[in-house]
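1. Need a 3D model of the following:
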Amino acid sequence: MLLGTIYVFAPYVSNVVIGDPILGQTLISGWHKTAGIIIALTAPFLGAATDRMGRRKPLLALFVAVLALSIVVQWWALPGGQGLPLWALGLAVTVSGVAFVYTEVLHNAMLSRAAPPRVLSYVSGLGLSLGNAGSVLLLVFVLVTMALPGQMDWPFIPDAPMFGLDPAAFEPSRVVTLLCAGWLIVFAIPMFLYTPDLVTTGERFGDAMKHGVGNVWRTIRKLGDYRNVALFLIARMLYADGKTAILIFSGIYAAGTMGWGLVEMLAYGIILTIFAVCGGFIGGWLDSVIGPKRAVVIEIGVTLICLIAMVSMSATSMLFFFPVEAGAVVWDSPLFRTAPELGYMAFAIIIAMSITAAYASSRTLMARLAPKGMEGEVFGLYALAGSATAWLGPLLVEHFTATYESQRAGFASIAILLILGFALLLFVKPPEKQAA
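-> Here you go, the predicted structure:
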C-alpha cells in the first residue's frame, strides 16, 4: 500500500500518466469513491458469512490472490495513451481497493484468536509496526537500486537501475507494482501456515452469504441494545475515512504542491514509514496506560492538527500567512532543502505516527467492545464503519479539488471527517475493563 497507493505509484499516475496534478487528484478520488461504495455494500455481509462458515483462511487466500493480481496489472500504466487505458487502470485500482478491505475484514476477525486479551493491544500495535518496518526495507531497496542510480554519484549507488529498468519508460516508478504484489504473497504465507483458524462448520459460501445478510440486519438492529458499540462504529466510520483519505492523497498532494519526483517521494516514504513503526508501539503503549478509548481520542486530535498544518504549506508559503521565496534553500542537502518542504515533512512525520497509532488503538477498542461470539460479525460492521463512507472522503477531495481547481482545497476537505468523528468519539464509553 505504501509504495503503490501513497508514496510512489499514485503520484506517478497523477503527475505522469494523467499529466495534471489537479485532474489526477480528481480522477484518483473518483476511483477510490467507487471502491468505497462497493465495500460499503458488501464488507459486512462477508464478515457475517465467514462467522457462519467458521474458517477464514480459504476466503482470505482468494482475496489475497485477487489483490496481488490487480496490483500486477497496474505495471502497464503508461503516459500518452500507451499501455492500459485510463478506464482499465481505474478498474484495477478499484478492484485492489476492494480486495484490500476484504482481506482486512478476514484477518481482523482472526485477531482475538491469535492473541490472549491481556496482550491484544501489543499484538495489534506490533502487527502494524512490523508491517511498516517491512515497508521501510522495501522503500530503501527501491531507492538505492532503482531510483538513485544514474542520478546520484555516490560510491554505494549502482551506475544504472537494477534489472535493466529504463527510466525513460518510467520503469523505476512502475516496477513498484510488481514488488508490492510479490511482497504481499511471500509474507502472507507465514500467516496461513502458523496462525490459528476456526473449525469449518460445513456451510457453503452461498448459503452463508444468504443467511449472513439477515444476520447483519439483525446485528444492526441489535446495536440498539449495544448503543455504545454503535456510537463507536459511527465515529470510526467518519474518522477512519478521514485517515484513509490522508494516506491516499498525502503523497499526491506533496508531489503536486512541492514538485517532488520519484527520489523525493521514496525518501519521504522511508522517513514517514520509519516513524510510523514507532506509531504502532505508541498506540499499544497508550492503550495499556490510559485505555484504548482515550488513546484514540488523542491520536485523532493530533491527526487533525497535523493535517491542517500540512495543508498550510506550499512552495511559496508556510502556515498560510507567511510568504517564502520560491526555491530559497535553508540548508545544504540533496533533498528537502526549502523551509516549506521541511515544515511539511515535520508535520507529516507526526501524522504518520498518529495515524498508525490510531489504527492499532481503534482495532483494540473494537475487540474489547465486541460482544462475545459476535467478533466476526462485529468486525464486518467495523469494516463497514471504516468503509461505508469510504466513498465520502474521495468524494470530498474530488469535489473540492475540481470546484476550486486546487489540490490544497481538496486535501483540506478531509478535516471535515476528522472533526465529526472526533466529536462523536468523545461520547463513547470506554470498555468495562478500562472503566474499572
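2. Quick one: the strands in the protein, in order.
-> 317-318, 322-323 (DSSP state E).
3. ok, now how distant is the residue lying closest to Glu398 once chain neighbours are set aside from Ala276?
-> Nearest non-adjacent residue to Glu398, counting by Cβ to Cβ, 6 or more residues apart in numbering: Ser29, 3.5 Å away. Every C-beta, even on glycine, is put in place using the N, C-alpha and C of the backbone. Taking Cβ to Cβ, to the nearest Å as the measure, Ser29 falls 23 Å from Ala276.
4. Equivalent analysis for Trp331, please.
-> Taking Cβ to Cβ as the measure, Trp331 falls 24 Å from Ala276.
5. Which one's more surrounded, those two?
-> Ala276 (27 against 9; other Cβ atoms under 10 Å).
6. Check the gap between that one and Val289 for me.
-> Applying Cβ to Cβ to Ala276 and Val289 gives a distance of 20 Å.
7. what does Leu233 give?
-> For Leu233, the distance to Val289 equals 25 Å [Cβ to Cβ].
8. Between the two, which has more neighbouring residues?
-> Each of Leu233 and Val289 has its neighbours counted (other Cβ under 10 Å); Leu233 has more, 24 against 10.
9. wait, that one sits on Leu381?
-> Yes. Here Leu233 lies in contact with Leu381, judged by Cβ atoms under 8 Å, at a distance of 5.8 Å.
10. mind checking how far Arg294 is from Gly30?
-> 37 Å.
11. just Ser288 next, same as before
-> 41 Å.
12. circling back: ok, the residue nearest to Glu398 - contacts?
-> 249, 394-395, 397-398, 401, 410 (Cβ atoms under 8 Å, 6 or more residues apart in numbering).
13. Buried ones from those, can you make that a PyMOL selection?
-> To isolate the buried members of these in PyMOL, using 16 or more other Cβ atoms under 10 Å:
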select buried, resi 249+394+395+397+398+401+410
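14. hmm, which two among the contacts of Ser29 are most spread apart?
-> Phe249 and Leu395 (12.4 Å; Cβ to Cβ).
15. Show me what Phe322 is bridged to.
-> Legend: beta-bridge partners of Phe322 under DSSP bridges are Met318.
16. Could you check how many residues crowd around it?
-> That count, for Phe322 with other Cβ under 10 Å as the rule, works out to 11.
17. One more: Pro158?
-> 13.
18. Start the count at 16 instead of 1 going forward.
-> That works, and once the first residue is 16, the last one we named lands at Pro173.
19. Okay, the closest residue to it other than its chain neighbours and Leu194: tell me how far apart.
-> Closest residue to Pro173 apart from its sequence neighbours, by Cβ to Cβ, 6+ apart: Pro164 at 4.5 Å. Distance of Pro164 to Leu194, given as Cβ to Cβ: 16 Å.
20. now Thr118
-> Using Cβ to Cβ, we find Thr118 at a distance of 18 Å from Leu194.
21. likewise Lys308?
-> Taking Cβ to Cβ as the measure, Lys308 and Leu194 are separated by 38 Å.
22. Compare these two and say which is more crowded by neighbours.
-> Neighbour count, other Cβ under 10 Å: between Lys308 and Leu194, Lys308 has more, with 24 against 18.
23. residue contacts, the more buried one?
-> Contacts of Lys308 (Cβ under 8 Å, 6+ apart): 380, 440, 443-446, 449.
24. do that again at 10 Å, thanks
-> 243, 247, 302, 376-377, 379-380, 383-384, 440-441, 443-446, 449-450 (Cβ atoms under 10 Å, 6 or more residues apart in numbering).
25. Selecting buried members of those in ChimeraX, what would you type?
-> Only the buried entries of the contacts of Lys308 go into this ChimeraX selection, using 16+ other Cβ under 10 Å:
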select :243,247,302,376,377,379,380,383,384,440,443,445,446,449
